[in-house]
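Student: Make a model of this:
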Amino acid sequence: MTMNRKNMRDQRLGILGAGQLGKMLCQRASQWNLKTILLDKSSEFPAAGMADEFITGDFTDAQDVAKLIGRCDRATIEIEKVSSEGLRKLRASGISVQPNIESLDVIKDKGLQKNFYRDAGFPSSAYRLISTEAEIKELVSQGKLPLPFVLKSRTGGYDGKGVQIVKTVDELDQLISGPYLIEELVDIAKELAVIAVANERGEVRSFPMVEMLFDPKANLVDYLICPSDVSPAIENHARQLAESLIAEMKICGLLSVEMFLTSDGEILINEVAPRPHNSGHHTIEACNHSQYEMHLRGVMNWPLPEIELVRPAAMLNILGTGEIGKTMIQGWQDLMTEPNVYPHIYGKNLSKPYRKMGHITVTGTTIEEVKQRSERIKGRLRVSGRTS
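Tutor: Sure, this is the predicted structure:
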């Protein structure tokens, strides 16, 4: 590719989105002197100050996305909610866009995702697609839709939003907005994730699998551990699934694959994200190559080395507490006295309840040591909103 024959200082990567994932992508890109151009609504967002160039614009607007034309050779995303029309304008101008737009359109719609898994032969839970709340109520009343079930908005959900477990008839009057993906409520033994990475050369790699533990109120990852507490056979099968899926979707860069391990020992694909992911933050300190480095390698079509877990690790999300307000951090210096504890603060100016404000990676020589240290520090760094 012409891009790969350029000097490193001449290569330019456009990134749509300036949140924490964009920030960590820019941090890694700067080590290679890979020039980054970001587009998002505000220069106050976490990644804005990390980029070589920041463009003010709305990445859901096709005309704003087109502002990247002439400014970069390749483009990627840090969030799925990007104008596909805008991405097609970039591609038509000669910019290489990853993930590929057709697969991104499938991933944006959870119903299309499930159809893709079914048609391509990937294991996933039983499901049905329903358009309206009235249809759901009618099917339940007729006994054709048994309770309980998992209800998801087909589009727009993120960080636990847009997901509802419906257990009783009374809850049918408090449904999230549709159209809907309805899934069978699976008997889950563990929630797992594997991040795969691919490039245009046909190379595919995957990260060691992680086990995720969720906050029951926020319905998002509270913390994760790596290595996961499963057999080598289960991990190998899960990694093969993730590597097969990224190849089937023809995605370059990362594909994070969230999975269920059922009580019967079956692995089911839940959802995917074609970008750096919360389930891979620990790789900065725990692996020989981080998810951010590997995403850049995949998007830029550079060689993909083998990935290894260097040391056991846990990752704890730092979620906003209290009221919505100006970000206030407490416990920072106390945490800095701990060895092998690595806090990352994203730099969001506004704190909201359950908003991801940062994360902490904990490493050790054994997973037991990591778990004990994680329990000891949990909750010691607090981010809340100050209203006055």
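Student: where are the low-confidence patches of the stretch 251-388 of the chain?
Tutor: 388 (pLDDT under 70).
Student: in it, which spans are helices?
Tutor: Taking DSSP state H, counting those that start in this stretch, the helices of the stretch 251-388 of the chain run over residues 283-286, 291-300, 332-335, 367-377.
Student: how many neighbours does the closest residue to Gly70 other than its chain neighbours have?
Tutor: Leaving aside its sequence neighbours, Gly70 sits nearest to Ser93 (CB to CB, 6 or more residues apart in numbering; 7.6 Å). Quick note: C-beta positions are derived from backbone N, CA and C, even for glycine. Around Ser93 there are 12 other residues, counting by other CB atoms under 10 Å.
Student: What does the pLDDT read for Ser93?
Tutor: Ser93 is assigned a pLDDT of 98 by the prediction.
Student: Do I have it right that it meets Lys67?
Tutor: No - here Ser93 does not reach Lys67: they are 11.4 Å apart, not a contact under CB atoms under 8 Å.
Student: For Leu147, find the nearest of the helices of the stretch 251-388 of the chain.
Tutor: Among the helices of the stretch 251-388 of the chain, helix 367-377 comes nearest to Leu147, with 35.8 Å by CB to CB.
Student: Who are the contact partners of the residue nearest to Gly70?
Tutor: Taking CB atoms under 8 Å, 6 or more residues apart in numbering, we find Ser93 in contact with Ala66, Ile69, Gly70.
Student: three-state assignment of Phe45?
Tutor: Assigned by DSSP: H, G, I helix; E, B strand; the rest coil, the conformation of Phe45 is coil.
Student: What does Lys348 show for phi and psi?
Tutor: Phi and psi for Lys348, reported as degrees, to the nearest 10, are phi -80, psi 130.
Student: Leaving out chain neighbours, which residue sits closest to the residue nearest the centre of the chain?
Tutor: Centroid-nearest residue in the chain: His277, 2.9 Å away (criterion: CA atoms, centre = their mean). Counting by CB to CB, 6+ apart, His277 lies nearest to Ser256, which is 3.5 Å off, once chain neighbours are set aside.
Student: Nearest residue to Met294 in space, please, no chain neighbours.
Tutor: By the measure of CB to CB, 6+ apart, the closest residue to Met294 outside its immediate chain neighbours is Val197, 4.5 Å from it.
Student: what's the helix or strand for that neighbour?
Tutor: Element membership of Val197, judged by DSSP states H and E, is strand 188-198.
Student: Centre of this protein to the edge, which residue is at the far end?
Tutor: Note on the chain: the largest C-alpha distance from the chain mean falls to Gln142, namely 37.9 Å (CA atoms, centre = their mean).
Student: Go ahead and confirm Ile77 touches Gly17.
Tutor: Yes - applying CB under 8 Å as the test, Ile77 and Gly17 come out as touching, 6.1 Å apart.
Student: now the residue nearest to Met294, which residues is it bridged with?
Tutor: Per DSSP bridges, the residues bridged to Val197 are Arg205, Leu254.
Student: tell me the contacts of it?
Tutor: By CB under 8 Å, 6+ apart, the contact list for Val197 reads 204-207, 246, 253-255, 291, 294-295, 297-298, 304.
Student: Just the buried ones from those residues?
Tutor: By neighbour count, with 16 or more other CB atoms under 10 Å, the contacts of Val197 hold 204-207, 246, 253-255, 291, 294-295, 297-298, 304 as buried.
Student: quick one on the thing from earlier: out of the contacts of Val197, name the two that are farthest from one another.
Tutor: Greatest spatial distance in the contacts of Val197: Val204 and Gln291, 14.7 Å, computed using CB to CB.
Student: Please state the backbone phi and psi of Val186?
Tutor: When read as degrees, to the nearest 10, the backbone of Val186 gives phi -80, psi 140.
Student: How much space separates it from Glu133?
Tutor: Using CB to CB, to the nearest Å, Val186 is found at 23 Å from Glu133.
Student: do Gln11 as well
Tutor: With distances taken as CB to CB, Gln11 is found 49 Å from Glu133.
Student: so where does Leu241 fall, helix or strand?
Tutor: Judged by DSSP H and E, Leu241 forms part of helix 232-248.
Student: any idea of the mean pLDDT for that helix?
Tutor: The pLDDT scores in helix 232-248 average 98.
Student: contacting residues around Arg154?
Tutor: Neighbours of Arg154 in contact, by CB under 8 Å, 6+ apart: Asp109, Lys110, Gly111, Leu112, Leu129, Gly178, Pro179, Tyr180, Leu181.
Student: now swap in Tyr158 and tell me
Tutor: Neighbouring residues of Tyr158 by CB under 8 Å, 6+ apart: Lys81.
Student: Kindly indicate whether it is helix, strand or coil.
Tutor: coil.
Student: Relative to Arg275, how far out is it?
Tutor: Tyr158 sits 12 Å away from Arg275, taking CB to CB as the criterion.
Student: now do Pro179
Tutor: For Pro179, the distance to Arg275 - CB to CB - is 24 Å.
Student: and those two? which has more neighbours close in?
Tutor: Neighbours per residue (other CB under 10 Å) separate Pro179 from Arg275, with Arg275 holding more: 29 against 16.
Student: so that one touches Glu80, yeah?
Tutor: Yes - with contacts counted by CB under 8 Å, Arg275 reaches Glu80, the gap being 7.3 Å.
Student: any idea how far Asn317 is from His237?
Tutor: Separation of Asn317 from His237 (CB to CB): 27 Å.
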